[in-house]
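# Whatever this is, show me its structure:
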Amino acid sequence: MTKKGKLIVFSAPSGSGKTTLVHHLLNQEKLGLEFSISATSRPKRGQEIDGKDYHFISKERFQEHIKNDDFLEWEEVYTDNFYGTLLSEVEKIWQNGKVAIFDIDVVGGLHIKEKFPQNTLAVFVQPPSIEVMETRLRNRKTDSEEKIKERLEKAGKELEFAKDFDYVLVNDNLESAKIEAEKIVSDFIKS
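Model (predicted):
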């Protein structure tokens, strides 16, 4: 593994706004961030692009990577839907002299923090309420009713992990959350 750089993890239940915040941070060139593209065995949703949003791979290929110890972290987030961070992805970012930023599952985010405690800023994005989160999920119009219920049930469990993160950012006002996210990330990079 190459010399370790910094890692910024944004984790949250689905519908909390973490992806929107990560995209905002990536647009702040002064921060020097590069998105760590996760691998997943789930099918594409909507307008997702392979190699940009995720590395879409088969469940079998994902399991091969697990056997070969190619992941920094991985999880079976939903039944037969695996997500993970390839070590090669992070090494490429560090070689480019950038800071890796992740939009990742709560458990995966904590695994990264556990592996690189001094190099990682772990931010938990919390929705103002489960009701607001449910509205956001429904407004996305990307999931079935069954998937929305599954995500809401999982969110209840994920919210219990907020205390294990370095920072809890409550996303009740998107513009304020963007400013707060920029400040905590900038402070961490400078430290």
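
# and the closest residue to G51 other than its chain neighbours, how many neighbours?
The spatial neighbour of G51 that comes closest, neighbours along the chain excluded (C-beta to C-beta, 6 or more residues apart in numbering), is I37 at 6.9 Å. From N, CA and C alone the C-beta is placed, and that goes for glycine too. I37: 19 surrounding residues under other C-beta atoms under 10 Å.

# Could you grab the helix/strand/coil label for R45?
coil (DSSP: H, G, I helix; E, B strand; the rest coil).

# mind checking pLDDT for it?
The model reports R45 with a pLDDT of 84.

# what sits against it?
Counting by C-beta atoms under 8 Å, 6 or more residues apart in numbering, R45 makes contact with T142.

# quick one, phi/psi of it?
phi -120, psi 140 (degrees, to the nearest 10).

# about what we covered before: what residues are up against the residue nearest to G51?
Counting by C-beta under 8 Å, 6+ apart, I37 has contacts G51, K52, D53, Y54, H55, E89.

# Please report which of the residues you listed has the highest neighbour count.
Most crowded among those, counting by other C-beta under 10 Å, is E89 at 21 neighbours.

# The nearest residue to K59 once chain neighbours are set aside and H111, how far apart?
Counting by C-beta to C-beta, 6+ apart, K59 lies nearest to S41, which is 4.3 Å off, once chain neighbours are set aside. Separation of S41 from H111 (C-beta to C-beta, to the nearest Å): 18 Å.

# same for the lowest-mean-pLDDT helix or strand in the chain, what does it pack against?
Least confident element among the helices and strands of the chain, by mean pLDDT, DSSP states H and E: helix 130-140 (a mean of 78). Helix 130-140 is packed against helix 145-158, with contacts defined by 3 or more C-beta pairs under 8 Å, 6 or more residues apart in numbering; DSSP states H and E.
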